[in-house]
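> Prediction below, plus the sequence it came from.
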Amino acid sequence: MPIRHDPAANAGAPFTACEFFAGGGLAGLGLTGFRTILANDIDAAKARAFRANHPETSLIHADVWAMTPDQVPGAPDLCWASSPCQDVSLAGARGGLKAQRSGAFWGFWKLMQGLDAEGRAPPIIVLENVVGLLTSGEGQDFAAVCGAMAEAGYTVGALEIDAGLWLPQSRPRLFIVAMRGVEGPRLPAPVQPFHSSRLIAAWERLPEAAKANWAWWRLAVPPRRNLDLAAVLEAEAPCFSEAETQTLLTMLSPLHRARLETLKASGERRVGAAFRRVRTKDGKKLQRLEMRFDGLAGCLRTPSGGSSRQYVVIVDGGRVAMRRLTGREAARLMGVADAYRLPASESAALKLMGDAVAVPVVDALARGLFLPALSGQAEAAA
């Protein structure tokens, strides 16, 4: 099963954190060594989920643009922002940081500037977003974020991390980490897997001022993952009828159908995941069902449309059964314990998880990067 985190485990932690665009509070679950002293989200449903699972943490349900420094207690050691990604996602309209939702980052940054003016700026600031931020606005959005942080005196670096290293879900995300007054473990040059070619290309496009304040943060690669998709499934979840399954299977491309027939002929039990996609062939748009049987689920998304709903595919003894991924399974794919209270609605639960950050990834960043920096142990760890 996935890593299990207790919301109360960090109650006596030595460092403090504020979680902005908090959703259901998964970043806070992963921030080992940090006690969350404030959270914020504008979405009412997410605010309810946060309060249900983190009743001890103060939550401000409001637009971050409306927040003021006096609402932030003390001097937090870390401020985390999982700002909206729709406008910079590769699957979105790519409106960039000037668009309404992703532009919320600047509301968060305005608040950080306010704390700085009062001498309460956090030593560590983290922005989590989709990897599309590297190229949105022809690279200007990434440069703007890094430039703003560098101008404020922070050393800035970024890591592209796929949750699939820890969990059976392919979920690459970008983590921009800024530090001031503390030194995090760093490398002399970029190294795979956390410094991808597209991250390096984005860094090369940065203005010289931002490059001068850049760091290639060091993070240890975890041991080989031994968890696959089958391990997180709910055994009693009902499957579609035979007719419904066959209707979906008619959407398979010849290549995916051939792969499925090979699996059926083997007689083995295999569990996979599938999405409906719109593809273009000969100038015509076709709805295709695309499957994967590599032990990973596809990246969880919010269920705003039919193509965003992920399916579970079970091939056993030459037969194929299908059903939708459940909210609880989605939570497990994010590294969340079964004790976590999900919304009653499956759609709301899937939306909550689809917008969240994978807990084990945050845990790895906290243990490998944030805590060594704040504890003054970066040099020893390097």
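Great, that's in hand. Numbers count the residues shown, from 1 in each chain.
> Now do the contacts for the closest residue to residue 366 other than its chain neighbours.
Once flanking residues are discounted, residue 366 sits nearest to residue 32: 4.6 Å by C-beta to C-beta, 6 or more residues apart in numbering. In this view, the C-beta of every residue, glycine as well, is placed from N, C-alpha and C. For residue 32, the contact set (C-beta atoms under 8 Å, 6 or more residues apart in numbering) comprises 9, 10, 13, 363, 366, 367, 371.
> and residue 123, how many neighbours?
By other C-beta atoms under 10 Å, 20 other residues sit near residue 123.
> Could you tell me how far residue 336 is located from residue 362?
Look at residue 336 and residue 362: by C-beta to C-beta, to the nearest Å, they are 12 Å apart.
> go on, residue 287?
When C-beta to C-beta is applied, the distance between residue 287 and residue 362 equals 35 Å.
> ok, the two, which is more surrounded?
residue 362 (28 against 12).
> Is the more buried one in a helix, a strand, or coil?
Classification of residue 362 using DSSP: H, G, I helix; E, B strand; the rest coil returns helix.
> still on that earlier bit, so what's in contact with residue 336 and residue 362 at the same time?
26, 29.
> State the pLDDT value of residue 70.
Per-residue confidence at residue 70 stands at 97 (pLDDT).
> I should have written residue 206 there, sorry.
Looking at residue 206, its pLDDT stands at 96.
> List the contacts of the nearest residue to residue 77 once chain neighbours are set aside.
The shortest distance from residue 77 to any non-neighbouring residue, by C-beta to C-beta, 6+ apart, is to residue 15 (4.1 Å). Listed by C-beta under 8 Å, 6+ apart, the contact set of residue 15 reads 33, 34, 35, 77, 78, 370, 371, 374.
> and residue 15, how far is that from residue 247?
53 Å.
> what's the closest non-adjacent residue to the residue sitting furthest away from the middle of the chain?
The outermost residue of the chain relative to its centre, with distances by C-alpha atoms, centre = their mean, is residue 265 at 37.0 Å. Counting by C-beta to C-beta, 6+ apart, residue 265 lies nearest to residue 318, which is 7.2 Å off, once chain neighbours are set aside.
> I'd assumed residue 262 was in contact with the one you found.
No. In this structure, residue 318 is not within contact of residue 262 by C-beta atoms under 8 Å, at 11.4 Å.
> Return the per-residue confidence for residue 309.
Looking at residue 309, its pLDDT reads 80.
> Can we start the residue count at 35 from this point?
Let's use 35 as the start, then, which means that last one is residue 343.
> Identify the residues contacting it.
By C-beta under 8 Å, 6+ apart, the contact set of residue 343 is 309, 310, 337, 358, 359, 384.
> Which of those residues fall within strands?
Using DSSP state E, the subset of these located in strands is 309, 310, 358.
> Residue 306 versus the residue nearest to residue 111, what's the distance?
Separation of residue 49 from residue 306 (C-beta to C-beta): 41 Å.
> With residue 375 instead?
Taking C-beta to C-beta, one finds residue 375 at 29 Å from residue 306.
> Between those two, point out the one with more neighbours.
More crowded of residue 375 and residue 306, by other C-beta under 10 Å: residue 306, with 24 against 14.
> What sits closest to that one if chain neighbours are left out?
Distance criterion C-beta to C-beta, 6+ apart; nearest residue to residue 306, sequence neighbours excluded, is residue 327 at 3.8 Å.
> Please verify my assumption that residue 404 contacts residue 156.
No. Residue 404 is beyond contact range of residue 156, at 10.7 Å (criterion: C-beta under 8 Å).
> what's the closest of the contacts of residue 49 to residue 175?
Lowest distance from residue 175 to the contacts of residue 49 (C-beta to C-beta) belongs to residue 112, with 22.9 Å.
> how about low-confidence regions in the chain?
Low-confidence segments of the chain (pLDDT under 70): 35-43, 45, 119-136, 337-342, 411-416.
> phi, psi of the residue nearest to residue 400?
Dihedral angles phi and psi of residue 66 (degrees, to the nearest 10) take the values phi -60, psi 130.
> ok, it to residue 144 distance?
With C-beta to C-beta as the criterion, residue 66 and residue 144 are 29 Å apart.
> ok so residue 270 is a helix residue?
No. Per three-state DSSP, residue 270 lies outside any helix segment and is coil.
> burial measure for it, as a count.
Using other C-beta under 10 Å, residue 270 is surrounded by 5 other residues.
> For it, which residues are in contact?
Neighbours of residue 270 in contact, by C-beta under 8 Å, 6+ apart: none.
> and the closest residue to residue 144 other than its chain neighbours, how many residues sit next to it?
Nearest non-adjacent residue to residue 144, counting by C-beta to C-beta, 6+ apart: residue 99, 7.2 Å away. Other residues near residue 99 come to 13 when the count uses other C-beta under 10 Å.
> got a list of contacts for the helix or strand where residue 139 lies?
Per DSSP states H and E: residue 139 is located in helix 138-151. Taking contacts as C-beta under 8 Å, 6+ apart, the residues outside helix 138-151 that touch it are 54-55, 76, 97-99, 101-103, 106, 109, 113, 115, 117-118, 131, 155-156, 159, 161, 179, 182, 186.
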